[in-house]
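Student: sequence and predicted structure, then a few things I'm wondering about:
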Amino acid sequence: SFRPSLKMKLVTAILSIALGSAAAFNVPSTFGRKSSAMKMSVMTPQTGQSSLDPSVIAAYNSLPYPDDKILAEYVWVDAVGNTRSKTRTLPKERAESVDSLPKWNFDGSSTDQAPGDDSEVILRPCRIFKDPFRPRADGLQNILVMCDTYTPQGEPLPTNTRAFAEKAFDGKEDEEVWFGLEQEFTLFNLDQKTPLGWPSGGMPGRPQGPYYCSVGPENNFGRAITESVYKACLYAGIEISGTNGEVMPGQQEYQVGPCVGIDAGDQLMMSRYILQRVCEDFQVYCTLHPKPIVEGDWNGAGMHTNVSTKSMREEGGLEVIKKAIYKLGAKHQEHVAVYGTGNELRLTGKHETASIDQFSFGVANRGASVRIGRDTEAEGKGYFEDRRPSSNADPYLVTGKIMATIMEDVEATPIEALDRE
């Protein structure tokens, strides 16, 4: 047998050879990252935590981009109103304006927007935003491109609601119509059943009340996600004007606007894309369903739409606002029909909503279909808020329909206001 000292020397020599050989397989230091142990198990849907090693992601993100190229993420709306996207490389000169961007195409049979035997759908660039997910330090910008969809023959697809809105706004630029859109959304664990902050399979121990505009870990669930969306939208160039925690626990809101005309739809739709991308990073499920929890005493989610034309902002504007509201009331069911799916579960006359079956308006009345603010009443001019659109409503349909209705050259029957005495 070996003597202890000789045995120790032999073990040390073997380890030195083994470690020296293993060094040949080390990852090169050109990535400039600290090592971090990878999780070798199957990726699990673990809420709030990325399953990928951040240091690996950082290694690739640190690679420089070519100085003559940019990445363009083409974003469009699919058959059910969700956003989809794909990326292409372009010479940097092509990204200087929408007009210089090339059209592109996708397989519409995979998005229920075209048949399999004639599946090509054309993407037409409409609006450019900075890409917050691929920032650069070389003075160039990767971009997000909001697109609408056409057949190869140049006809807008039936799902191209932007084309509808464009017709409603066309020729009415002098009206300078402003829209402010309040996007509510609800955050769930990846089981898609349990909202953030809720016990699994149960209800919160406290009713609604402490969660709206709240602070504290027992009240606000998802602030980090909303703050990330906020900053990403600002970086992108979206006119995001604020954010707050909402009435139901796990529910949040941000506001986009004021935006002029068709740009309101472009900006809101791109903000939804950014919202979903941020939730993807956080591994949290986000739904725009207007009533994700139907049991219990919980608020739904909407996309309250604030509207102001140039004449509404001038002296005597309050009367212009009321006439517009009367027109909206005369076409109540037409508007409800395009104000989102599942909205009948939300517009019940409870939880700060009016009944879906009856139109109403009032000053500072959040239980009315349309609200006039106290400041607008006091100043005699300003804006009104249509509270009927659901959180999953198509912003192109909503803004286009409102524009088409209030611009009609008709006299609608006055409606008595539901004002508090």
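Tutor: Ah, there it is.
Student: return the helix or strand in this protein with minimum mean pLDDT.
Tutor: Among the helical and strand segments of the chain, the one scoring lowest on mean pLDDT, DSSP states H and E is helix 4-22, with a mean of 46.
Student: C-terminal to that one, what's the next element?
Tutor: The helix or strand immediately downstream of helix 4-22 is helix 54-61, counting by DSSP states H and E.
Student: which strands and helices sit next to the next helix or strand after that next one?
Tutor: Sequence-wise, the next helix or strand downstream of helix 54-61 (DSSP H and E) is strand 69-77. Packed against strand 69-77 by the contact rule (3 or more CB pairs under 8 Å, 6 or more residues apart in numbering; DSSP states H and E) you find strand 83-91, strand 120-130, strand 143-150, helix 263-282. The way it works is simple: take the backbone N, C-alpha and C, and place the C-beta from them, glycine included.
Student: contacts for whatever helix or strand comes next after the last one?
Tutor: Reading on from helix 263-282 to the C-terminus, the next helix or strand found by DSSP H and E is strand 285-287. Strand 285-287 is contacted by residues 185-190, 192, 275-276, 279 when judged by CB atoms under 8 Å, 6 or more residues apart in numbering.
Student: just the residues you listed: which are in helices?
Tutor: Those of the contacts of strand 285-287 mapping onto helices are 275-276, 279, per DSSP state H.
Student: of these, which is the most crowded?
Tutor: Ranked by neighbour count (other CB atoms under 10 Å), these have residue 275 at the top, with 23 neighbours.
Student: shaky segments in the stretch 51-200 of the chain?
Tutor: Scanning the stretch 51-200 of the chain for pLDDT under 70 picks out 51-52.
Student: now the helices and strands packed on strand 69-77 as a markdown table including distance to residue 349?
Tutor: As requested, the helices and strands packed on strand 69-77 are exported to a markdown table (distance: least, CB to CB, whole Å):
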| stretch | distance to residue 349 |
| --- | --- |
| strand 83-91 | 32 |
| strand 120-130 | 38 |
| strand 143-150 | 36 |
| helix 263-282 | 27 |
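Student: deepest-packed of those, please.
Tutor: Highest mean neighbour count of the helices and strands packed on strand 69-77: strand 143-150, a mean of 24 (counted as mean count of other CB atoms under 10 Å).
Student: pretty sure residue 72 is touching residue 143, no?
Tutor: Yes - if you go by CB atoms under 8 Å, residue 72 and residue 143 touch, sitting 5.2 Å apart.
Student: what segments of the stretch 251-400 of the chain are strands?
Tutor: In the stretch 251-400 of the chain, the strands defined using DSSP state E, counting those that start in this stretch lie at 251-260, 285-287, 303-308, 361-363, 370-372, 384-386.
Student: to residue 108, which of the ones you listed lies closest?
Tutor: strand 285-287 (25.0 Å; CB to CB).
Student: can you list the strands that the closest one pairs with?
Tutor: Within its sheet, strand 285-287 is paired with strand 178-188 (antiparallel), according to DSSP bridges.
Student: which strand residues bridge residue 76?
Tutor: residue 84.
Student: whoops, residue 105 was the one
Tutor: Beta-bridge partners of residue 105, counted by DSSP bridges, are residue 122.
Student: got the contact list for it?
Tutor: By CB under 8 Å, 6+ apart, the contact set of residue 105 is 120-123.
Student: now distance to residue 411 too, for these, in CSV please.
Tutor: Shown next, in CSV, are the contacts of residue 105 (distance: CB to CB, whole Å):
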residue, distance to residue 411
120, 47
121, 43
122, 42
123, 42
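Student: who's in contact with residue 210?
Tutor: Going by CB under 8 Å, 6+ apart, residue 210 touches 218-219.
Student: relative to residue 399, how far out is residue 161?
Tutor: 10 Å (CB to CB, to the nearest Å).
Student: ok so, going back, distance to residue 157, mean neighbour count and mean pLDDT added to the strands of the stretch 251-400 of the chain, as TSV?
Tutor: Shown next, in TSV, are those (distance: least, CB to CB, whole Å; neighbours: other CB atoms under 10 Å; pLDDT from 0 to 100):
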stretch	distance to residue 157	mean neighbour count	mean pLDDT
strand 251-260	24	22	98
strand 285-287	25	19	98
strand 303-308	23	24	98
strand 361-363	35	20	95
strand 370-372	31	24	97
strand 384-386	27	23	98
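Student: between those, which one is closest to residue 228.
Tutor: Closest among the strands of the stretch 251-400 of the chain, once you apply CB to CB, is strand 251-260, at 11.1 Å.
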